[in-house]
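Visitor: next one to model:
(4 chains)
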Number of protein chains: 2
Amino acid sequence: MSENVVQRLRDEIENGIISNDFAPGARLDEVQLATRFGVSRTPVREALMQLNAIGLVEIRPRRGAVVIDPGPHRIFEMFEVMAELEGLAGSLAARRFTDADRTTILAAHADCERSSSAGDSDAYYYDNERFHKAIYTASHSGFLAEQCVALHRRLQPYRRLQLRVRNRVATSFAEHGAIVEAILAGDAEQARTLLRQHVSIQGERFSDLVATMASR
Amino acid sequence: MSENVVQRLRDEIENGIISNDFAPGARLDEVQLATRFGVSRTPVREALMQLNAIGLVEIRPRRGAVVIDPGPHRIFEMFEVMAELEGLAGSLAARRFTDADRTTILAAHADCERSSSAGDSDAYYYDNERFHKAIYTASHSGFLAEQCVALHRRLQPYRRLQLRVRNRVATSFAEHGAIVEAILAGDAEQARTLLRQHVSIQGERFSDLVATMASR
DNA sequence: ATGATAAATCTTGTATGCAAGAACATTGAC
DNA sequence: GTCAATGTTCTTGCATACAAGATTTATCAT
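Guide: Just a heads-up that it's a prediction; the model follows:
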C-alpha cells in the first residue's frame, strides 16, 4: 500500500480533503500533520507540495497551506468538463469495447440495479463509481481514464450530495440503462450525448447542488 | 517573479522538460539540480514532487526521478483529450464571448495570418498559442481554461513538430478562419466540431507525429 | 577471462536546525 | 474604551545531517 511515507501522507491528506475531514478553507499546519502521522515536517511538506500541484490545496508564501474552496461556480465548471470527458469516454467505449469490457459494464450495471431498487444511496454511490470506471476502462485510453478518475475523485463529495436529492438514484439508474444500450450497440454519438447529459448538472440540479453545499 | 525557490525550480525544470533540455527518460539528479540552481536538495525535492504529481516526472522509490516518456500512443491519447476540451471551449466561447473576447480573438487571428503568409512557422507557433488561449478565455470557464493551458503546455513539443510538416501552417490557418466564423456567429456545435477536428491528429497526421518523434 | 561476492561509494529518504517573515499579544497614548 | 505601536512567539522556508537502500567497483575463485 504505502510505497513511501510521502505517498502515504499524500493519500491520507487527500482523502481527508475529499471526505471533508479537512474542510475547504481549513489550514493545514505542518507540525500538526507531522505529529499526527508520526513523521517529521519534511515529508509532510512534500505531500502538501503535491496536493498543491494538483490544485487541492493552496500554498500562500510564508502563510501556510489551506484546503482550496472551489465555490459553486467552479464546481459547476468542473462538472462541465467532467461531462465532456465522460462523453468522450462513452463514445470511445462504444467503438472499442471488448467482450471483457461488456462483461464488466453489465456486472456493474447489475449491481447498480440492486442498490438502486434497494434504495440504498450509499451502496449505489459505490456501484455507480464502478460503473463509470468500467466505461473509462472500455474507452481504452489510459490518459483519458486517468483524467476521468482524478476529476471524478475531486467531485466525489458533491456527487454524493447529488445522490441524496430525491429520486436522483432512480433517475440516475434509468439513465445508466440507456447509456449501456448505446455503448453495447456501438452508437458512439448516442453514448456521448447520454453520458454528457448524465453527468452535467444543469438547471435545477445546479440549484440543488448550491443548496446542499450551503447546508453542510 | 519568483514567489519562492520551489516555484522557481518547478518552472525551470518544467521548462527544461517541455523544451527537451531534459529528454524523456533522463535522470533528474537531486544534488546535480541543487548545485546547478545554487540551492539545497530540499527545495529541489519539493519541486520534483510537484512535477511528479502533474505527471511530468516519475519518482521511483530509492532510485530517483526520471522524465516521463509518454510514447506515441499516449501522446495520441493526450491529443484526443485535448481535442475534446478545445471543442468544449469553442462551443462555450460561441455562446458566451464578449466584445472584448471578440477583439482578442480577431487580433490573434490577424497575427496568425501575418506569420502564416510570411511562412514563419516559429512565429506562427506563438501566434497560434495566443489564438487558442483567446478561445479558452472566451469560454469563461476558469477551470476549463486551466486544464486546456496545462495540456497545451504538455503537448507543446509535439505540436511544434506538427507545424513543421509541409503545409501544416497554411492548413492550420485556414481552419482557424472557419473556427473564428463559427464562434462569432454563435454556432456552438459548429465551433465544437471544427476545433475538435483542428486539434485531433487523425490518420496520416499521426504517422507524421510518430515519424517526427522518432527523428529527434 | 569471466562470474560471483563483498566492500566501498553514492543517492535517496527523513529528521533536525536555524533564520526570516507573519501572527499575536502586550503596553501605552489619546 | 479604542486604536496603534512594539515586542514576543509561532510558523514557514531552506539548509544541513544522518541513516538506509542502491549502485558501482574491486577482489577472488573457477
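Visitor: and the helix ranked longest in chain A, average pLDDT?
Guide: Counting by DSSP state H, the longest helix found in chain A is helix A:71-96. Mean pLDDT, computed over helix A:71-96, is 96.
Visitor: any idea how far residue A:215 is from residue A:59?
Guide: Separation of residue A:215 from residue A:59 (C-beta to C-beta, to the nearest Å): 30 Å. (Glycine included, C-beta is placed from N, CA and C.)
Visitor: more neighbours, those two?
Guide: residue A:59 (20 against 7; other C-beta atoms under 10 Å in any protein chain shown).
Visitor: run through chain A and note the low-pLDDT ranges.
Guide: The model of chain A has pLDDT under 70 over residues A:1-3, A:203, A:216.
Visitor: any idea where the strands of chain A begin and end?
Guide: A:27-28, A:57-60, A:64-67 (DSSP state E).
Visitor: compare those and give me the one nearest DNA strand D.
Guide: With distances scored as C-beta to the nearest atom of the strand, the stretch of the strands of chain A nearest to DNA strand D is strand A:64-67 (3.3 Å).
Visitor: pick the most buried one from the strands of chain A.
Guide: The highest average neighbour count among those, using mean count of other C-beta atoms under 10 Å in any protein chain shown, belongs to strand A:64-67 at a mean of 19.
Visitor: contacting residues around that strand?
Guide: Under the criterion C-beta atoms under 8 Å, 6 or more residues apart in numbering or on different chains, residues A:17, A:22-30, A:48, A:51-52, A:56-60 lie in contact with strand A:64-67.
Visitor: picking up where we left off before, and the longest helix of chain A, how far from the chain's centre?
Guide: 11 Å (C-alpha atoms, centre = their mean, to the nearest Å).
Visitor: try stretch A:160-175
Guide: That offset, for stretch A:160-175, works out to 15 Å (C-alpha atoms, centre = their mean).
Visitor: buried sites along that stretch?
Guide: For stretch A:160-175, a neighbour-count test (16 or more other C-beta atoms under 10 Å in any protein chain shown) marks A:160, A:161, A:162, A:165, A:168, A:169, A:172, A:173 as buried.
Visitor: hmm, residue A:198 is touching residue A:86, no?
Guide: Yes: look at residue A:198 against residue A:86 with C-beta atoms under 8 Å: they come within range, at 7.4 Å.
Visitor: mind listing what the residue most central in space within chain A touches?
Guide: Central residue of chain A (C-alpha atoms, centre = their mean): residue A:152, 2.0 Å from the mean position. Going by C-beta under 8 Å, 6+ apart, residue A:152 touches A:82, A:129, A:132, A:133, A:159.
Visitor: next, see if the longest helix of chain A gets close to chain B.
Guide: Yes: using C-beta under 8 Å from any C-beta of the partner chain, helix A:71-96 reaches chain B at A:74, A:77, A:78, A:80, A:81, A:84, A:85, A:87, A:88, A:92.
Visitor: got a markdown table for those residues, with neighbour count and distance to residue B:186 too?
Guide: Formatted as a markdown table, the residues of helix A:71-96 next to chain B follow (neighbours: other C-beta atoms under 10 Å in any protein chain shown; distance: C-beta to C-beta, whole Å):
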| residue | neighbour count | distance to residue B:186 |
| --- | --- | --- |
| A:74 | 14 | 25 |
| A:77 | 22 | 21 |
| A:78 | 21 | 25 |
| A:80 | 20 | 18 |
| A:81 | 24 | 22 |
| A:84 | 24 | 19 |
| A:85 | 26 | 25 |
| A:87 | 24 | 22 |
| A:88 | 28 | 24 |
| A:92 | 24 | 29 |
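Visitor: now, which of these sits nearest DNA strand D?
Guide: Nearest to DNA strand D among the residues of helix A:71-96 next to chain B, with distances taken as C-beta to the nearest atom of the strand, is residue A:74, at 23.6 Å.
Visitor: who are the contact partners of the closest residue to that closest one other than its chain neighbours?
Guide: Nearest residue to residue A:74, sequence neighbours excluded (C-beta to C-beta, 6 or more residues apart in numbering or on different chains): residue B:143, at 5.8 Å. Residues in contact with residue B:143 (C-beta under 8 Å, 6+ apart) are A:74, A:77, A:78, A:80, A:81.
Visitor: residue A:144 versus residue A:150, what's the distance?
Guide: From residue A:150 to residue A:144 the distance is 11 Å (C-beta to C-beta).
Visitor: got phi/psi on the residue of chain A most remote from its centre?
Guide: Distance to the chain centre peaks in chain A at residue A:62, reaching 31.6 Å (criterion: C-alpha atoms, centre = their mean). Dihedral angles of residue A:62 (phi, psi; degrees, to the nearest 10) stand at phi 60, psi 10.
Visitor: list, one by one, the residues from chain A near chain B.
Guide: So far as C-beta under 8 Å from any C-beta goes, chain A lies against chain B at A:3-4, A:6, A:10, A:42, A:45-47, A:49-55, A:61, A:74, A:77-78, A:80-81, A:84-85, A:87-88, A:92, A:141-144, A:146-147.
Visitor: what about the closest residue in space to residue A:82 that isn't next to it in sequence, neighbour count?
Guide: Nearest non-adjacent residue to residue A:82, counting by C-beta to C-beta, 6+ apart: residue A:151, 5.0 Å away. By other C-beta under 10 Å, 19 other residues sit near residue A:151.
Visitor: hang on, residue A:151 packs against residue A:85?
Guide: Yes: if you go by C-beta under 8 Å, residue A:151 and residue A:85 touch, sitting 6.7 Å apart.
Visitor: neighbour count: residue A:150 and residue A:144, which is higher?
Guide: residue A:144 (21 against 14).
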